[in-house]
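Chemist: give me coordinates for this.
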Amino acid sequence: MSMTFGEIIKHSGDCELLNYIPEKHDEMIIKNIGNDTRTVNEDSLFVASRGNNFDSHIHLEKVIESGAKALIVERRPDLFKISVPVILVRSSYEATKKLAAQFFSNPSHRLCMLGITGTNGKTTTSYFARSVFAQKYGDCGLIGTIKYIIGNESIDAPNTSPEPLFFQKQLGSMVENGLKCAVMEVSSHAIKLGRIENTEYDHLIFTNLSKEHTEFHPDMHDYFKTKASLFLSMLTAQKNYKTTPKYAIINIDDHYGEALAAELKKLPGSNIFTYSLNANSGANLTAIPANIRFNGVDFYLNYKKLRIPIELNMSGVFNVYNALAAAAAGICENMTFDEIKAGLEYVTGVPGRFERIEFPGFSNKYSVYVDFAHTPESFINVLKLARGLNPGRIITVFGCGGDRSQEKRPIMGYNAAQASDYVIVTSDNPRTEDPMNIINDILPGVMKAGGSNYAVETDRELAIERAIKMASDKDIVLILGKGHENYQIVGNIKKRFDDCQTALKYIKQRENY
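Modeler: Numbering: from 1, shown residues only. Here you go, the predicted structure:
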């Protein structure tokens, strides 16, 4: 990837140029652009910015020594110390939103782009969709909550939807590696903050919407409108590089999904593809769950006059919804049902999504599962799934994240206590909140559910140990909230902590393994 400095100026928006000589700098080639001082190399442009706890403007001299040939800044530098041309902007972030896709040659134009948004189910749907699309395209990139995957390489995801420069660079790498499609989760933060600007989607999936991120959205109306704006932008774009039909794929069993479908149908010429588990809903694609197994679920896809049997290797009705969304995307992409069936049945699990913790030789007299469930609705889904496995007891370990939606805490306490036989309330990622204050927000919900069988243990590791030690034959231990995460944030410190590894440690200890 490369661009002349003159072209970069054109795409940076309103700016002031410092140390700039047109005949000297306009044709200067910039081969890399970034905002991380550790990745600056020869022929690069460094983007400096300021935040609450950092200011990368203090490193300008260092990045020039490392090879930066130009700078974008939002604070006027000392030109006696800066010899390279400078683009001074009001906001570096706003400048990179405009510039990122252009610098990496608009990679979304050369990929079949599937975006997935909603409160619950995005990650599992993305794994199903990636597997389905791979049946047609050979491989498929992934940008999601757990990992960013490009071919044989993957990196842990710092954000569900990364900031603009990193995001467009990942899409560009997919193109360079010969990939033809990409599946990505799209958070409401990414939409509202413009992280995905100048990205052309082929299809978008709406899974569902429930109260979440109230620390970011003032109310549900704003949350819904933010999600809806992504679909409106795709379907009403004045300039599209690709000419193939674009589809809004919507779960109309969800109240907000139903409202979204109704709103989008008012647009002239819009392509709306709906899915549902209700055979009488009028949806384009429906499913009939036939058999929920211990390690999967069997169901039928119903499309027009076709009835296709699917043997899913992940259990739970909510995973039928996730698979249904991915199947709908395959239909919209003109894939065969043989390809769709193969893609859905290939997926055997998703890290941290009802992930069973065991090892060779484990007695299996009791079961331990780790799940990312962290909303009231996802609690209901995973607890219902666990109850459907006919356990002796359900012992649930969970907490709530700090500096996040407070009003959902008692609801999660209520849902957990009502559907479990024993609850251990503990810490999740308390961040800058006092862990005990968070727990005290949860407990009224536990008490409302008549909770007498509960305990409080602020130390998450001790809570997991306690749950595993008290499990009897046929009991299920659920460890909820963090799923795939391998860290815990306490204060401003991010420390290593993995629910799966911690659970495995105490299972082995109990089994004398």
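
Chemist: residue 413 and residue 443 touch, don't they?
Modeler: Yes. The criterion here is Cβ atoms under 8 Å, and residue 413 meets it with residue 443 at 6.2 Å. Where C-beta positions appear, they are placed from N, C-alpha and C, glycine not excepted.

Chemist: hmm, who's touching stretch 292-311?
Modeler: Under the contact criterion Cβ atoms under 8 Å, 6 or more residues apart in numbering, stretch 292-311 has outside partners 279, 284-291, 312-317, 319-320, 323-324, 327, 331, 337, 340-341, 344-345, 388-389.

Chemist: again but with stretch 432-449, I slipped
Modeler: By Cβ under 8 Å, 6+ apart, the list of residues contacting stretch 432-449 reads 399-400, 402-403, 406, 409-418, 423, 425-428, 430, 454, 456, 458, 490-492.

Chemist: in the stretch 351-500 of the chain, where is pLDDT below threshold?
Modeler: Low-confidence regions of the stretch 351-500 of the chain, defined by pLDDT under 70, are absent; no residue qualifies.

Chemist: any idea which element the residue lying closest to residue 337 once chain neighbours are set aside lies in?
Modeler: With Cβ to Cβ, 6 or more residues apart in numbering as the criterion, residue 337 has its nearest non-adjacent residue at 5.0 Å, and that residue is residue 308. Per DSSP states H and E: residue 308 is located in strand 306-312.

Chemist: quick one: strands adjacent to that strand?
Modeler: With DSSP bridges as the criterion, the sheet partners recorded for strand 306-312 are strand 296-303 (antiparallel).

Chemist: the contacts of stretch 292-311 in helices, which ones?
Modeler: With helices defined by DSSP state H, the entries of the contacts of stretch 292-311 inside them are 317, 319-320, 323-324, 327, 331, 337, 340-341, 344-345, 388.

Chemist: and the two most separated of those residues?
Modeler: 331 and 388 (28.8 Å; Cβ to Cβ).

Chemist: who has more neighbours, the two?
Modeler: More crowded of residue 331 and residue 388, by other Cβ atoms under 10 Å: residue 331, with 21 against 15.

Chemist: quick one, grab the pLDDT at that one.
Modeler: On the pLDDT scale, residue 331 is placed at 98.

Chemist: pLDDT weak spots in the stretch 101-250 of the chain?
Modeler: For the stretch 101-250 of the chain, not a single residue meets the criterion pLDDT under 70.

Chemist: recalculate using a threshold of 90.
Modeler: 152, 156-162, 211-216, 218, 237-240 (pLDDT under 90).

Chemist: can you pull the contacts of residue 513?
Modeler: Taking Cβ under 8 Å, 6+ apart as the definition of contact, the neighbours of residue 513 are 359, 361, 362, 507.

Chemist: revised request: answer the last question for residue 171.
Modeler: When contacts are counted by Cβ under 8 Å, 6+ apart, residue 171 touches 104, 107, 108, 111, 141, 143, 182, 199.

Chemist: by neighbour count, which of those residues wins?
Modeler: residue 182 (29 neighbours).

Chemist: tally of neighbours for residue 483?
Modeler: Here the number of neighbours of residue 483 (other Cβ under 10 Å) works out to 22.
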